[in-house]
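Enquirer: Model the following, please.
(3 chains)
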Amino acid sequence: MAASISDILLDWYDRHARDLPWRARPGSPATEPYRVWLSEVMLQQTTVAAVKPYFEKFTARWPTVEALAAAPEEDVMAAWAGLGYYSRARNLVKASVAISELGTFPDTEDALKKLPGLGDYTAAAVAAIAFGRRAVVVDANVERVVSRLFEITTPLPASRKEIRTRADTITPSDRSGDFAQAMMDLGATICTNRNPRCLLCPLSDRCQARASGDPARLPAKQPKKAKPVRQGQAYWIEREDAVWLVTRQGTGMLGGMRALPDDGWSARGDGSGDPPHEGDWKPAGMVTHTFTHFTVELSVLAHTNSPQPVGEGEWWPLEKVEDAGLPTLFAKAARLVTA
DNA sequence: CACACGTGGTT
DNA sequence: TAACCAAGTGT
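Expert: You can find the predicted model right below:
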């Protein structure tokens, strides 16, 4: 009887699995749900290379979900600074409190999906990897591998339903979590976006896209829109070796993060150009930063011996500005002034 | 369904 | 090297 796709892939995984900090190691205790969950959230739309140092930092500082739930939110936000998509950190805190109050870690897809920040993918991944439940885990790697295996030519995102159906048919009941990780390892190291290494692929003789000659063209995607360029200003307000920092409110861009005051620029439009108070503002330079959906050209204006600004904020010691947890845009601006 | 939401790695 | 994109979620 011919080996199934999952058998072949699991055999490949047993020999070629990547050694990653959030995976159980031989001789170590069973994989902890907390570590699986934390890693999966960090890995949302983020590369393994970028996640590794953050995962080490978080697990050293907050080794359990209870420790994380007890942490001040601003500490978690600052520790997340630089990783992006800050709603993940806001939801991480909320979910850690919810899990602590439950007293046990939710262990089914449905229960996991009720937690903030866990959608279809993460709920399935945690259920499968941490709890050994069969779940159909579909991320961008799986979309790519499945699109090629079954030569699905419909462009994303319209092909999602068909991809999920196909993924379901090849997902085993046993070792569902290993199977999911095997698919992701295959997608990350062999069945890559640009130049798939089909000669090394354990599934190459089952791959319909390879049989027809050009697997790299799949999955097809809708063309993306151009990003607008916005103009904005940020203000470096300094007094007695301290700089005035604000905390951005709400759930929008950079919400919950410390920041320099600005003139209200956003994805929707330019800033007003109006400084927070009168005075002699000196140009400190320009920062260009590209977000997912727009680029901002930020003029940084500096004022020293400043009066007490109106509104919420805090004087932050200049020597500790690296520890303020500024998102990258404002970290670049701070570097302009302090360098 | 379409869009908002960050950043650094990779080619 | 300028694009492209990565273990997606919420609205």
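Enquirer: just the strands in the stretch 101-250 of chain A please.
Expert: For the stretch 101-250 of chain A, the strands defined by DSSP state E, counting those that start in this stretch cover A:229-239, A:242-247.
Enquirer: average pLDDT for the shortest one?
Expert: Meaning strand A:242-247. In this model, strand A:242-247 carries a mean pLDDT of 98.
Enquirer: That strand - contacts with which helices or strands?
Expert: Counting by 3 or more CB pairs under 8 Å, 6 or more residues apart in numbering; DSSP states H and E, the packing neighbours recorded for strand A:242-247 are strand A:229-239, strand A:258-259, strand A:314-317. For the C-beta atoms, the positions are set from N, CA and C on the backbone; glycine is no exception.
Enquirer: which stretches of the stretch 51-200 of chain A have low pLDDT?
Expert: For the stretch 51-200 of chain A, applying pLDDT under 70 flags no range at all.
Enquirer: Get me the contact residues on it for DNA strand C.
Expert: The stretch 51-200 of chain A has residues A:85, A:87, A:91, A:116-123, A:125, A:139-141, A:144, A:181, A:184-185, A:187-188, A:193 near DNA strand C, with proximity defined as CB under 7 Å from any atom of the strand.
Enquirer: List just the one of the helices and strands packed on strand A:242-247 that sits closest to DNA strand C.
Expert: Closest to DNA strand C of the helices and strands packed on strand A:242-247, according to CB to the nearest atom of the strand: strand A:229-239, at 11.4 Å.
Enquirer: Can you give me the buried ones in the helix or strand that contains A:Pro53?
Expert: Element membership of A:Pro53 [criterion: DSSP states H and E] is helix A:48-61. The neighbour-count check on helix A:48-61 (16 or more other CB atoms under 10 Å) flags A:48, A:51, A:54-55, A:58-59 as buried.
Enquirer: rewinding a little: now render the strands of the stretch 101-250 of chain A as a markdown table, adding mean neighbour count and distance to A:Glu66.
Expert: Compiled in a markdown table, these are given as follows (neighbours: other CB atoms under 10 Å; distance: least, CB to CB, whole Å):
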| stretch | mean neighbour count | distance to A:Glu66 |
| --- | --- | --- |
| strand A:229-239 | 20 | 38 |
| strand A:242-247 | 20 | 25 |
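Enquirer: care to break chain A down by domain?
Expert: A:5-137+A:155-190, A:229-338 (automatic domain parsing).
Enquirer: And the longest one, end to end?
Expert: One end of domain A:5-137+A:155-190 sits 16 Å from the other (CA to CA, to the nearest Å).
Enquirer: And for the last one?
Expert: With CA to CA as the measure, the ends of domain A:229-338 fall 26 Å from one another.
Enquirer: and if you look at stretch A:299-314?
Expert: Length of stretch A:299-314, first residue to last, CA to CA: 22 Å.
Enquirer: Now do the same for it: mean pLDDT, whole number.
Expert: 94.
Enquirer: Distance from the chain centre to it, please.
Expert: Centroid separation for stretch A:299-314 versus its chain: 32 Å, with CA atoms, centre = their mean, to the nearest Å.
Enquirer: With stretch A:57-75 instead?
Expert: Taking mean C-alpha positions (CA atoms, centre = their mean), stretch A:57-75 and its chain are 18 Å apart.
Enquirer: And it, what's buried?
Expert: Neighbour-count burial for stretch A:57-75 [16+ other CB under 10 Å]: A:58-59, A:62, A:65, A:68-69.
Enquirer: Could you check how far the residue of the stretch 201-339 of chain A found nearest DNA strand B is from A:Ala130?
Expert: Nearest residue of the stretch 201-339 of chain A to DNA strand B: A:Pro327, at 3.0 Å (CB to the nearest atom of the strand). For A:Pro327, the distance to A:Ala130 equals 30 Å [CB to CB, to the nearest Å].
Enquirer: likewise A:Ile8?
Expert: For A:Ile8, the distance to A:Ala130 - CB to CB - is 25 Å.
Enquirer: between those two, which one's more packed in?
Expert: Shown here are A:Ile8 and A:Ala130; by other CB atoms under 10 Å, A:Ala130 has more neighbours (22 against 16).
Enquirer: For the stretch 151-300 of chain A, what lies in contact range of DNA strand B?
Expert: Contacts of the stretch 151-300 of chain A with DNA strand B, taken as CB under 7 Å from any atom of the strand, map to A:157-158, A:160, A:192, A:194-195, A:225, A:252-255, A:266-267, A:289-293.
Enquirer: if we can go back for a sec, hang on, the residue of the stretch 201-339 of chain A closest to DNA strand B packs against A:Trp80?
Expert: No - here A:Pro327 lies out of contact with A:Trp80, judged by CB atoms under 8 Å, at a distance of 9.2 Å.
Enquirer: higher neighbour count, the two?
Expert: Between A:Pro327 and A:Trp80, A:Trp80 has the larger neighbour count (other CB under 10 Å), namely 24 against 21.
Enquirer: leaving aside the residues next to it on the chain, what's closest to that one?
Expert: A:Ala89 (3.8 Å; CB to CB, 6 or more residues apart in numbering).
Enquirer: mind listing what A:Arg148 touches?
Expert: By CB atoms under 8 Å, 6 or more residues apart in numbering, the contact set of A:Arg148 is A:191, A:196, A:207-210, A:215, A:218-219.
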